[in-house]
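Enquirer: Need a 3D model of the following:
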Amino acid sequence: MPAYPDPAELILLVIVVVSAIIAIKILLDLSSKHHRHRYTKIVRFDLLIGIVLGMTLPWMEPIGLLGAALTAFLFLGLSVVMFLESKMISLWRKRMVRREKIREWFLHFSVTTGIIGIITTLLSIIVPPFLQLSLGFMVPLAFDSLSVLSALLEFTLPSTPYNVIFALIFELVRRRSENGPENEIRLDDIEEIAHETAHSRFEVLDAIENLVEERLATKKDGGFALCPDGMQLLKLNWEETVGRLRIQSVHIDEEIESLTKNPSVERKAYLDRLNHLLESVSDLRDECGFLTDRNWIARSRQRLSELRNRLYR
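Expert: Numbering: from 1, shown residues only. Have a look, this model is predicted:
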């Protein structure tokens, strides 16, 4: 008679199986057909490797731990590449690897190590009662930890939409074109956008590299040259962003005016609205930088500060 696992192990088994089923269900229900096809194409080989290694490694714990250690070293190397890509742009003035490629590498790590972790966890629970073997817990724990770390790093990479950065770039090009035709993105533009907004050099350069990848710009000494279609794309994003800024600024002005005329609102609700408006003004400045009207930003902050000071009198 096999010695069945205790209730705690059965509960763990059920949690792992149900979680995996729910994750697959979410992927199938919430993602579009395009994304399902893309992810299937990316992880198809990872699933095969994960299943093979997951069925092999737990039987010999030293070899399993060696495999986990080698995987950890590869993961460390990828993390170092990510660190250099994000921190040394100002020195290199160009990047070797694009953001989406790094995210894809972390996805490969996460899926492969996750499959190994799930299979080795299931085997460590199911096998011992029937074969009288004790499979160590270190191999599943090591691969599960690597999978979680890979997923965390994948999601911590910046995922800022390109449209605002494109609008910022177009604004700089537009200002220079007042003195003559201009279709060049200068390296100094990257520094100015990073200095004037909350966008990092990594994000700005990644957006420009996307233009190059789409053949809307070409690299040249000292910067990038935009083709006509690239200029048109930047202009469309600029018009959209400027229009959104105009609508949001009008809405904020109306909210401030409402607070000015109706100070009888309950104190906590009044203060919450003030803080929300101050945060909205700061967010617009951080996101859009020199696209915003500096005078309007200063005036809005001053009016909100006066309303707050009046509240505490």
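Enquirer: got the residue ranges for the helices in the chain?
Expert: 7-30, 33-56, 61-87, 89-92, 99-131, 138-156, 162-177, 187-196, 201-213, 228-261, 267-288, 294-311 (DSSP state H).
Enquirer: The third one relative to helix 138-156, how many degrees between them?
Expert: Using axes from the mean of the first three to the mean of the last three C-alpha atoms, to 10 degrees, one finds that helix 61-87 and helix 138-156 are set 10 degrees apart in direction.
Enquirer: picking up where we left off before, now for the helices of the chain, which one comes closest to D221?
Expert: helix 187-196 (9.9 Å; C-beta to C-beta). From N, CA and C alone the C-beta is placed, and that goes for glycine too.
Enquirer: got the buried residues for that closest one?
Expert: D189, I190, E192, I193, A194, E196 (16 or more other C-beta atoms under 10 Å).
Enquirer: What helices and strands are in contact with that helix?
Expert: helix 162-177, helix 201-213 (3 or more C-beta pairs under 8 Å, 6 or more residues apart in numbering; DSSP states H and E).
Enquirer: Reformat these as TSV; add mean pLDDT.
Expert: As requested, those are arranged in TSV below (pLDDT from 0 to 100):
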stretch	mean pLDDT
helix 162-177	88
helix 201-213	84
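Enquirer: quick one on the thing from earlier: dump the helices of the chain into JSON lines; add distance to K220 as well.
Expert: Shown next, in JSON lines, are those (distance: least, C-beta to C-beta, whole Å):
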{"stretch": "helix 7-30", "distance to K220": "42"}
{"stretch": "helix 33-56", "distance to K220": "32"}
{"stretch": "helix 61-87", "distance to K220": "22"}
{"stretch": "helix 89-92", "distance to K220": "16"}
{"stretch": "helix 99-131", "distance to K220": "22"}
{"stretch": "helix 138-156", "distance to K220": "33"}
{"stretch": "helix 162-177", "distance to K220": "14"}
{"stretch": "helix 187-196", "distance to K220": "11"}
{"stretch": "helix 201-213", "distance to K220": "11"}
{"stretch": "helix 228-261", "distance to K220": "13"}
{"stretch": "helix 267-288", "distance to K220": "28"}
{"stretch": "helix 294-311", "distance to K220": "32"}
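Enquirer: Comparing those by mean pLDDT, which bottoms out?
Expert: For those, mean pLDDT drops lowest on helix 89-92, to a mean of 46.
Enquirer: How about stretch 270-290, which residues are buried there?
Expert: Neighbour-count burial for stretch 270-290, with 16+ other C-beta under 10 Å as criterion, is recorded at Y270, R273, L274, L277, L278, S280, V281, L284, R285, E287, C288, G289.
Enquirer: List just the nearest of those to T40.
Expert: Distances from T40 to the buried residues of stretch 270-290, taken by C-beta to C-beta, are shortest for E287, at 34.3 Å.
Enquirer: So the closest one versus A225, what's the distance?
Expert: According to C-beta to C-beta, to the nearest Å, E287 stands 27 Å off from A225.
Enquirer: rewinding a little: looking at the buried residues of helix 187-196, which is nearest L304?
Expert: Nearest member of the buried residues of helix 187-196 to L304, counting by C-beta to C-beta, is E196, at 21.9 Å.
Enquirer: which ones are touching the closest one?
Expert: By C-beta atoms under 8 Å, 6 or more residues apart in numbering, E196 lies in contact with G289, F290.
Enquirer: Repeat that for L146.
Expert: L146 neighbours (C-beta under 8 Å, 6+ apart): A68, T71, A72, F75, F109, T113, G117.
Enquirer: repeat that with 10 Å
Expert: A68, T71, A72, L74, F75, F109, S110, T112, T113, G114, I116, G117 (C-beta atoms under 10 Å, 6 or more residues apart in numbering).
Enquirer: Does the second one touch F143 like I think?
Expert: In other words, T71. Yes: contact criterion C-beta atoms under 10 Å: T71 and F143 qualify, at 7.4 Å.
Enquirer: tell me, what's touching the two both at once?
Expert: L53, T112, T113, I116.
Enquirer: ok, how many other residues are close to the third one?
Expert: Yep, that's T113 we're talking about. By other C-beta atoms under 10 Å, the residues close to T113 number 28.
Enquirer: do the one 4 residues further on as well
Expert: By the measure other C-beta under 10 Å, the count of residues near G117 is 24.
Enquirer: Report whether the expected contact of it with S147 is present.
Expert: Yes: counting by C-beta under 10 Å, S147 is a contact partner of G117 at 5.4 Å.
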